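**Student:** Quick one: sequence and predicted model below, then my questions.
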Amino acid sequence: MSDNDILVEVRDLKVHFPIRRGVLFDRTVGHVKAVDGVDLSIPRGKTYGLVGESGCGKSTLGRALLQLTPPTSGEVKFDGVELTTLPAGKLRATRRRMQMIFQDPMSSLDPRQNVESILTEGLQAHGIGANRDDRRRIIGETLDAVGLPKWALSRYPHEFSGGQRQRIGIARALVLGPELIVADEPVSALDVSIQAQVVNLLDELQDSLGLTYLVIAHDLAVVRHISDVVGVMYLGALVEEAPSDRLYTEPLHPYTRALMSAVPVPDPDVEDRRERILLAGDLPSPANPPSGCRFHTRCPWAQPTRCADERPELRQIGASRVACHWAEQIAAGELRPHEVTAKVTRPEDEGEEPGVVSAPSEPGSYV
Amino acid sequence: MALLEVDDLSVTFARRGQRTVHAVDGVSFSVDTGEVVGLVGESGCGKSVTSLAIMGLLPKQPGLRVGGKAVFDGNDLLQLDDRSRRDIRGRDVAMIFQDPLSSLNPVIPIGLQVTEVLARHRGMKGEAAAKEAADLLDRVGIPDPRRRLKEYPHQLSGGMRQRALIAMAVACQPRLLIADEPTTALDVTIQAQILELLKDLVRDSGTALVMITHDLGVVAGMCDTINVLYAGRVVETATRRPLFRQPRHPYTEGLLGSVPRLDAGRGERLNPIPGSVRDLLPWPDGCAFAPRCARRVDACVGEPPELVLTHDARSYRCVNPVPVPGLTPEADARATAPTTTEPGAVPAQAEPADPPAVPGSGPAPREEETP
């Protein structure tokens, strides 16, 4: 896969939501910067995983990429076509090639539509299939692909189990023959044993249909499992982007390290051995993000210079891109972590007493 | 005698015109002082109903039947009347719920909710109660506790709310703490903070902790003894390391195999358990996991498997358990239960014909079998 076969390219994407006050006159008193300057590109046929905690803007980024939420500024190129300035009619036609899978299959499927109607709607909207029989054939093939039986067509979403409903959601996206699928938390509403079925299905579909995925999830283990490249988001911006194996063996950004060390691993030996990097406090408000590096208020490696007043750009270090001024020094062990006292970034901010902050002596020693 | 001894607990919900639901079916476990016991299972396996039954918090409705015993410190919690149960609840036995926003009262300040416990059980009032409440919040790591006392739940973040809930639970230094999915609603970094806090509480005060969760990673890091539940029954009990290293019950093995791991590579295929949890068995009785089980033999159908005890304080309900490496199958079979059929002789993956979910609507959506 060459680098120039890029399906999706995002440049400096920003999505700001206005905060309005007042009854008679709507005044805009500020902006929630849900996504604030994200650059990423997804090669065709690959999976890009986006992880982060709730409120970091990962879902907004996914929606803005599909133009479901209009971006404030920035560019989104899909297969060479700029989407942000595309007229509505053309955008509609392009949507056939980029589909979305939602988190909760129960609330994203119309309970009053049977499966056939759910699947036909998209085909009719885009004028695919010459007649009813032709559409039935397409639907039948899609059902086979996602592993649902034929008689599912006449049934309604409530008659299916959670895993099957998610399969319907996948079929709905797949029936139009898309090239890009944005999956927003595709398995987090499912039970563990069912999760694995859906993860495997997504993998198989990619192999057989050559799909490109943007997978948005908070579960790092799931993202690592299905992604080629993983981007870690914090407060509306990417802090690190790396090939998935590298990200997990050699996390460079302090936030990525903390995130990795916080994920529980179902193995008592690993759990006992590894050291946790406990972060102090909660995510600051995206309406009033900290100056400089957004993570510096919670970062155990934060330095008195640069971190608080200079926003780090994503820099190429090896195969990764990292937004940290001190990534090399931290990786080399020159900088030692220190205890963090939670800073109050806004009047009602919830700062916390820091836990004991400890860090591994060398990268990758805790996984 | 352990601090809490749950013996053959069963909870059934009966409704007119519908099948009786056996939410919990003969669950037994015990918790000792300073011990962390985990109840693990997927949704619908009866882990939350178990905890609610022990606490006497199940809604009183016709058709609800709770059987068995839950002996806490010599008293059977299930036999107590409401008044004496209320005396124990909150003082000796406390509970932490999954979703802190819906278990805190949204229109009452945090402070009042914490002092309520203190007033009810420790008879504290006014300034003394407020001071104690502030101390409690401080102890669970809430900064500036005096100001938090006046705030309402919506003003706190998710992690903070869960801390407030833990503060309420430990207000009377309970001897037993039941935590029902305490971190499921939280982000991983906050989850790590809360788990660390719970570990500290157990270590410092010797509280017994019952940890109810679906996350195998959480139990791997915390629990001394783990009970795996499936469809209302404990299918396997073991201490931490043996359970993860050598699961004996096929369900435990399947669960461990289907979790994507952080330290595994990209593209390694997961081994999902086929099908999904059903409350209906295609045959009258037997092992509830049998329809999804790769190790099914004829003996699985008919009656529920007996509890098999092995030497290393482990027990499981399975007639054809996963063999232990190094142990010959014959010796293992003798050590466990006599199986009439050899595992290889049976088409183990035969799909049972499911009964229709809606009567009279033809074939019901069958559970998918991923090839």
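**Tutor:** Arrived safely. Numbers count the residues shown, from 1 in each chain, chains lettered A, B, ... in the order given.
**Student:** Could you give me the buried positions within stretch B:165-175?
**Tutor:** Counting neighbours by 16 or more other CB atoms under 10 Å in any protein chain shown, one finds that the buried residues in stretch B:165-175 are B:165-172, B:174-175. Every residue, glycine included, has its C-beta placed from N, CA and C.
**Student:** okay if I get those as JSON lines plus secondary structure, pLDDT and distance to chain A?
**Tutor:** Formatted as JSON lines, those follow (DSSP: H, G, I helix; E, B strand; the rest coil; pLDDT from 0 to 100; distance: CB to the nearest CB, whole Å):
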{"residue": "B:165", "secondary structure": "helix", "pLDDT": "91", "distance to chain A": "15"}
{"residue": "B:166", "secondary structure": "helix", "pLDDT": "91", "distance to chain A": "13"}
{"residue": "B:167", "secondary structure": "helix", "pLDDT": "91", "distance to chain A": "13"}
{"residue": "B:168", "secondary structure": "helix", "pLDDT": "91", "distance to chain A": "18"}
{"residue": "B:169", "secondary structure": "helix", "pLDDT": "91", "distance to chain A": "19"}
{"residue": "B:170", "secondary structure": "coil", "pLDDT": "89", "distance to chain A": "16"}
{"residue": "B:171", "secondary structure": "coil", "pLDDT": "89", "distance to chain A": "19"}
{"residue": "B:172", "secondary structure": "coil", "pLDDT": "89", "distance to chain A": "23"}
{"residue": "B:174", "secondary structure": "coil", "pLDDT": "92", "distance to chain A": "23"}
{"residue": "B:175", "secondary structure": "coil", "pLDDT": "93", "distance to chain A": "26"}
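**Student:** Pick out whichever of the residues you listed sits closest to residue A:251.
**Tutor:** residue B:166 (29.8 Å; CB to CB).
**Student:** The closest one is in contact with residue B:140, isn't it?
**Tutor:** Yes - under the criterion of CB atoms under 8 Å, residue B:166 makes contact with residue B:140 at 5.2 Å.
**Student:** Which neighbours do the two have in common?
**Tutor:** Taking CB atoms under 8 Å, 6 or more residues apart in numbering or on different chains as the contact criterion, the residues that touch both residue B:166 and residue B:140 are residue B:197.
**Student:** before we move on, back to that, report the two of the buried residues of stretch B:165-175 separated the most.
**Tutor:** With CB to CB as the measure, no two of the buried residues of stretch B:165-175 lie farther apart than B:165 and B:175, at 18.4 Å.
**Student:** Would you mind measuring from whichever residue of chain A sits closest to chain B to residue A:274?
**Tutor:** Nearest residue of chain A to chain B: residue A:264, at 2.7 Å (CB to the nearest CB). Applying CB to CB, to the nearest Å, one obtains 10 Å for the distance of residue A:264 from residue A:274.
**Student:** what about these two, which has more around it?
**Tutor:** Looking at residue A:264 and residue A:274 with other CB atoms under 10 Å in any protein chain shown, you find the greater number of neighbours at residue A:264, namely 24 against 16.
**Student:** Any regions of the stretch 151-300 of chain B where pLDDT drops low?
**Tutor:** B:265-267, B:278-284 (pLDDT under 70).
**Student:** Helix, strand or coil: sort out the closest residue to chain A within the stretch 151-300 of chain B for me.
**Tutor:** Closest to chain A within the stretch 151-300 of chain B is residue B:217: 2.7 Å, counting by CB to the nearest CB. The three-state label given to residue B:217 by DSSP: H, G, I helix; E, B strand; the rest coil is helix.
**Student:** re the thing from before, check contacts around the residue of chain A closest to chain B.
**Tutor:** For residue A:264, the contacting residues are A:271, B:191, B:195, B:215-218, B:220-221, by CB under 8 Å, 6+ apart.
**Student:** please redo it, this time with the cut-off set to 7 Å
**Tutor:** Residues in contact with residue A:264, defined by CB atoms under 7 Å, 6 or more residues apart in numbering or on different chains, are A:271, B:215, B:217-218, B:220-221.
**Student:** farthest-separated two in those?
**Tutor:** Taking CB to CB, the two most distant members of these are A:271 and B:215; they sit 11.8 Å apart.
**Student:** follow-up on the earlier one: quick one: which of the contacts of residue A:264 is nearest residue A:174?
**Tutor:** When those are compared for distance to residue A:174, the smallest value, 30.2 Å, is given by residue B:215; criterion: CB to CB.
**Student:** which residue sits closest to the closest one, ignoring its sequence neighbours?
**Tutor:** Closest residue in space to residue B:215, ignoring its immediate chain neighbours: residue A:264 at 6.2 Å, by CB to CB, 6 or more residues apart in numbering or on different chains.
**Student:** Work out for me the element that neighbour sits within.
**Tutor:** In the assignment (DSSP states H and E), residue A:264 maps to no helix and no strand.
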